[in-house]
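1. no letters, just coordinates:
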C-alpha cells in the first residue's frame, strides 16, 4: 500500500479546511452553493490552486467567483492559522468545470447510442 506524500496530505487538509472556512466562517451570501472539488499544490508547497464548483447558472458562478476573490485575504489568513506548517501556501481559486464537461460528454454518448440503435432497427426491418 502506498504511503501518501506530504504534498497529498497537505492538499487534502487545505481542501477540508477551505470548505469549512467557506461554510462556517464566511458570512458572504454572494458565495452561494460552492463545493471545493480539488486542490493542486506546487512541488515546493508554496502555491495551491483551489478548484471549486458552483450549483447554479452562469450568473451564480460569476457572483461566487467574485465573492471568493473578494474574501481571499480572510480565507488565506484563516487557512494559515489552521495549518500546522511554518509557511502556508498562497491560494488561488479556479472554477472546476469538469462535472459540466462530463455531463456534456455523457449526453453526446447517449445521442450516439440512440442514433446507432435507430440505424440498427432500420437495417433489421429492411432485411425482413
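-> Yep, it's here. None of these values were measured; they are calculated from a predicted model.
2. continuing past the helix or strand residue 59 falls within, what's the next helix or strand?
-> Using DSSP states H and E, residue 59 sits in helix 58-70. Under the assignment DSSP H and E, the closest C-terminal helix or strand after helix 58-70 is helix 72-82.
3. what lies in contact with that next one?
-> 14, 17-18, 21-22, 25-26, 68, 88, 90-93 (C-beta atoms under 8 Å, 6 or more residues apart in numbering). (Glycine included, C-beta is placed from N, CA and C.)
4. what mean pLDDT does that helix have?
-> The predicted model gives helix 72-82 an average pLDDT of 93.
5. stretch 118-128 too?
-> 67.
6. what of stretch 17-35?
-> For stretch 17-35, mean pLDDT rounds to 89.
7. what about that stretch, start to end distance?
-> End-to-end distance of stretch 17-35 (C-alpha to C-alpha, to the nearest Å): 12 Å.
8. quick check: buried residues in it?
-> Of all the residues in stretch 17-35, those buried under the rule 16 or more other C-beta atoms under 10 Å are 17-19, 21-22, 26, 31-32, 34.
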